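In: With the sequence up front, the predicted model follows.
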Amino acid sequence: MQVPPATGAVIWAKEIYLLRQFVEVCERNGLEYRIMGGTLLGAVRHKGYIPWDNDIDVAMFRDDFNKLLEIGEGEFQKPSFFQTVISEKGRYFSTYIKIRDCESTAGCLEDYQKGINCGIFIDVFCLDELPDGKLERKCFVNRLNSIAKMQRFCMDLPPKHGYLNRLKYKIRKVMYQMSGSPNAVELFGKYQKCAGKYWGKGGKQVSHLAFGYHDN
C-alpha cells in the first residue's frame, strides 16, 4: 500500500484496524459484506487507498445489515464503538452504521460537545432492493427521504438557508407532527422497515439509499 503523509497514515491505520474487526465479526456470524465506492476503486486502482481518500465504505444486503444491527453493540467493544441512533441514545441520527475508534476524534465540535462519539470511523451501508416501476420507485425513495429528514424536528435542528428550504421545512414539520412526532430511535426503526419493504421481491436494482437516490 502507498504511504500517505503522517496524519493520513494514522487515519488509515485506525480504519484498517476497524475494517479487520468488522470482517472478523462478519465471518464469526456468517454475514456477507463487500467494499464499495472509493474504497473499491482504491483497492483495484491503487492496491489500497486512493491517495487523497480518508474513509472506508462497506455495504451489506438487507438481511445481513439487520442482523448486524441486532448483534453489533455486543460485538464491538472499546476501543471500538458501534454507532447508531440507538447506541447514541437518540443524540445522533444516521440511517446507516458507523464503527468508530474511541481513542481518536474526527468529527465536528458541536457533536463532540454533545457527548457524541466522534472517533475515526468506517461506514457500513445497507443495499436494498428497489421497485421496478419508475413511478413506484420514485414514490418509495421520496418516502424514505421524508422519514430521514424528519430528524431535524426530533433533534431541534434549524432549517437550511433559503426560502425553498424553509418552505420544505414547514411542510415536513406538518408531516412529522401528523406522524405522531416520533423520536430519533423511532424514526430510525421506521426508516429501516420502510427501506427493506421490497427486499426479497426479486427487483432488478439494488442501491444504498442513505444519501438520497436518483434515477440516474
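Out: Everything's here; your move.
In: Where does pLDDT dip in the protein?
Out: 1-7, 212-216 (pLDDT under 70).
In: Helices of that one, start to end?
Out: Applying DSSP state H to the chain gives helices spanning 6-29, 37-45, 62-75, 109-113, 134-149, 151-154, 163-178, 184-195.
In: do you know which of the ones you listed lies nearest Ser87?
Out: When those are compared by C-beta to C-beta, helix 62-75 sits nearest Ser87, at 5.6 Å. Placement of C-beta: from N, CA and C, glycine included.
In: elements contacting that closest one?
Out: Other helices and strands packing on helix 62-75, by 3 or more C-beta pairs under 8 Å, 6 or more residues apart in numbering; DSSP states H and E, are helix 6-29, strand 80-83, strand 97-101, strand 121-130, helix 184-195.
In: can you do 7 Å?
Out: Where contact means 3 or more C-beta pairs under 7 Å, 6 or more residues apart in numbering; DSSP states H and E, helix 62-75 is packed against helix 6-29, strand 121-130.
In: Roughly how far does the residue positioned nearest the centre of the chain sit from Gly200?
Out: Most central in the chain under C-alpha atoms, centre = their mean is Tyr96, positioned 2.3 Å from the mean C-alpha point. The gap separating Tyr96 from Gly200 is 20 Å, by C-beta to C-beta, to the nearest Å.
In: follow-up on the earlier one: now tabulate the helices of the chain in JSON lines and tack on distance to Arg91 and mean neighbour count.
Out: Shown next, in JSON lines, are the helices of the chain (distance: least, C-beta to C-beta, whole Å; neighbours: other C-beta atoms under 10 Å):
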{"stretch": "helix 6-29", "distance to Arg91": "21", "mean neighbour count": "16"}
{"stretch": "helix 37-45", "distance to Arg91": "27", "mean neighbour count": "15"}
{"stretch": "helix 62-75", "distance to Arg91": "15", "mean neighbour count": "17"}
{"stretch": "helix 109-113", "distance to Arg91": "8", "mean neighbour count": "11"}
{"stretch": "helix 134-149", "distance to Arg91": "17", "mean neighbour count": "16"}
{"stretch": "helix 151-154", "distance to Arg91": "11", "mean neighbour count": "19"}
{"stretch": "helix 163-178", "distance to Arg91": "18", "mean neighbour count": "12"}
{"stretch": "helix 184-195", "distance to Arg91": "8", "mean neighbour count": "19"}
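In: So which of the ones you listed is nearest Cys102?
Out: helix 6-29 (10.5 Å).
In: by contact count, what packs against that closest one?
Out: Helix 6-29 sits against helix 62-75, strand 97-101, strand 121-130, with contacts defined as 3+ C-beta pairs under 7 Å, 6+ apart.
In: For the closest residue to Ser179 other than its chain neighbours, give me its contacts.
Out: Nearest residue to Ser179 in three dimensions, chain neighbours excluded: Met150, at 7.2 Å (C-beta to C-beta, 6 or more residues apart in numbering). Contact analysis of Met150 by C-beta atoms under 7 Å, 6 or more residues apart in numbering lists 172, 176, 187.
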